[in-house]
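Engineer: Test case, fold it:
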Amino acid sequence: MRHRRTTRVAAVAALAIVVAAPMAGAHVTVDPGEAPKGGFATLSFRVPNERDDANTTELEVNFPTDTPLSSVRVQPKSGWDYEIERTELDEPIERFGEEVTEVVSKITWTGGAIGSDEFDQFHVSVGPLPEDADQILFPAIQTYDSGEAVRWIEGPADDGSEPENPAPLLRLVDPEDDTGSGGSGDPATPGDDAGELSVENVATQDDVDGATTLGIVGIVVGVLGLAAGGYALVRRRHT
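Structural biologist: All right, here's what the predicted structure looks like:
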């Protein structure tokens, strides 16, 4: 009896841990978790509903002003309205040769609802990302129709552990050194190496074309041989 009771208690405790773990990790996050410095990125703020008796009806996301993003574009979302707030910069920044004096500091989505056991995503295109920072925090406030507001505003601890109410965090990484990709780097410029690569490509293409031609000729010769053999066999039987 004692063994059975001990097993039952252990099972209940394990179930409680399994249920509590997703709840502890369910908070407003940003995807992808990292992006290259100096580039542009499409960010998706993922919002799970953590309440069984209330709907999420508002999301507020704050954007940094110490590392300002000169370009912020919101993707319209069916069923939701959004409002953009801007802030004047103490010192203007330059974007594509033009002076920028104000930037987006907050976006608030309202009008929709995220029900129990549901989540939703809100998309924003931003850039250029700062080159002198390793991360960006986007403090967010999630509001329920019950009036409760959950503030996801805390940065990571000094020891790297996650706080109780972590803010969406985007890590910034060095861009890959891939000059031929034409992505975040400069487009590839034709030169001596490019010329040698072109010659190799042409030679490879010639080999492929030659092999293809020989294959077709072989097929044709084989078909003609089969036809001639069949004709001879039919003629012999007729004779």
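
Engineer: Quick check, Glu83 in contact with Ile107.
Structural biologist: Yes - at 7.2 Å, Glu83 and Ile107 qualify as touching, with contact defined as CB atoms under 8 Å. Bear in mind the C-beta positions are built from the backbone N, C-alpha and C, glycine included.

Engineer: The two - which one has more neighbours?
Structural biologist: For Glu83 and Ile107, the more surrounded residue by other CB atoms under 10 Å is Ile107, and the numbers stand at 21 against 11.

Engineer: Could you confirm the more buried one falls within a helix?
Structural biologist: No - if the criterion is DSSP: H, G, I helix; E, B strand; the rest coil, then Ile107 is strand and not within a helix.

Engineer: which residues of this structure fall in strands?
Structural biologist: 29-31, 34-36, 41-48, 56-62, 71-74, 81-95, 98-114, 119-127, 135-137, 140-144, 149-152, 169-173 (DSSP state E).

Engineer: Give the pairing partners of the first one; include direction for each.
Structural biologist: Strands that pair with strand 29-31, judged by DSSP bridges, come out as strand 41-48 (antiparallel).

Engineer: Return the set of buried residues in the partner strand.
Structural biologist: For strand 41-48, a neighbour-count test (16 or more other CB atoms under 10 Å) marks 41, 43-45, 47-48 as buried.

Engineer: quick one: contacts of stretch 30-43?
Structural biologist: Contact with stretch 30-43 is made by 44-46, 71, 121, 123-131, 133, 138, 168-176, 184, as judged by CB atoms under 8 Å, 6 or more residues apart in numbering.

Engineer: Please apply the same query to stretch 99-108.
Structural biologist: Contacts of stretch 99-108 (CB under 8 Å, 6+ apart): 58-63, 65, 68-70, 72, 74, 82-89, 92-94, 124.

Engineer: picking up where we left off before, from the buried residues of strand 41-48, which is closest to Tyr144?
Structural biologist: Set against Tyr144, the nearest of the buried residues of strand 41-48 by CB to CB is Val47 (11.2 Å).

Engineer: Surely that closest one is in contact with Gln142?
Structural biologist: Yes - shown here, Val47 and Gln142 form a contact pair, counting by CB under 8 Å, at 6.3 Å.

Engineer: circling back: pick out the shakiest of the strands of the chain, pLDDT-wise.
Structural biologist: For the strands of the chain, mean pLDDT drops lowest on strand 81-95, to a mean of 90.

Engineer: Flag every buried residue along that one.
Structural biologist: Buried residues in strand 81-95 (16+ other CB under 10 Å): 82, 89.

Engineer: Report the set of residues contacting both of Val47 and Gln142.
Structural biologist: Common contacts of Val47 and Gln142, defined by CB under 8 Å, 6+ apart, comprise 28, 56, 59.

Engineer: Mind putting those into a markdown table with neighbour count and distance to Ala149?
Structural biologist: Below are these laid out as a markdown table (neighbours: other CB atoms under 10 Å; distance: CB to CB, whole Å):
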| residue | neighbour count | distance to Ala149 |
| --- | --- | --- |
| Val28 | 27 | 12 |
| Thr56 | 26 | 10 |
| Leu59 | 23 | 11 |
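
Engineer: Is it possible to get CSV of the residues you listed that adds distance to Pro163?
Structural biologist: Shown next, in CSV, are the shared contacts of Val47 and Gln142 (distance: CB to CB, whole Å):
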residue, distance to Pro163
Val28, 13
Thr56, 21
Leu59, 19
